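**Student:** this one's structure only:
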């Protein structure tokens, strides 16, 4: 009985210790650049338009004309 329990425990330990890695292929548009990874690959979000630095803070400039400009 002791032998059966120890074998079952050993099998359970072996099952939980072995990790399955599912490699998937990710295609990057528009040139179909391929990357391989185990988790979903995330890229830095690059918006088409960014607000100026320290928006809406402005300072007044006199060159070439008087106006308020961003940093």
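**Tutor:** Yep, that arrived. Keep in mind the model is a prediction, meaning the values are calculated, not measured. Residues are numbered from 1 along each chain as shown.
**Student:** use CA for all of it now, contacts and neighbours both
**Tutor:** Fine.
**Student:** phi, psi of residue 26?
**Tutor:** phi -110, psi 130 (degrees, to the nearest 10).
**Student:** ok, the closest residue to it other than its chain neighbours - how many residues close by?
**Tutor:** Once flanking residues are discounted, residue 26 sits nearest to residue 35: 5.2 Å by Cα to Cα, 6 or more residues apart in numbering. Counted with other Cα atoms under 10 Å, residues neighbouring residue 35 total 11.
**Student:** now swap in residue 55 and tell me
**Tutor:** Residues near residue 55, counting by other Cα under 10 Å: 10.
**Student:** that one: what secondary structure?
**Tutor:** coil (DSSP: H, G, I helix; E, B strand; the rest coil).
**Student:** residues contacting it?
**Tutor:** residue 70 (Cα atoms under 8 Å, 6 or more residues apart in numbering).
**Student:** let's go with 10 Å and repeat that
**Tutor:** 70, 71 (Cα atoms under 10 Å, 6 or more residues apart in numbering).
**Student:** separation between it and residue 63?
**Tutor:** 20 Å (Cα to Cα, to the nearest Å).
**Student:** over to residue 69?
**Tutor:** From residue 69 across to residue 63, the span is 10 Å (Cα to Cα).
**Student:** got it, and residue 28?
**Tutor:** 45 Å.
**Student:** centre of the chain to stretch 1-17, how far?
**Tutor:** 38 Å (Cα atoms, centre = their mean, to the nearest Å).
**Student:** show me where the protein dips below the pLDDT cut-off.
**Tutor:** Counting by pLDDT under 70, the ranges of the chain that qualify are 18-22, 38-45.
**Student:** kindly recompute the last result at 50.
**Tutor:** The model of the chain has no residue with pLDDT under 50.
**Student:** now the strands for it?
**Tutor:** Remark: strands assigned in the chain by DSSP state E are 24-28, 33-37, 58-61, 67-70.
**Student:** which strands or helices does the third one pack on?
**Tutor:** With contacts defined as 3 or more Cα pairs under 10 Å, 6 or more residues apart in numbering; DSSP states H and E, strand 58-61 has these neighbours: strand 67-70.
**Student:** lovely, talk soon.
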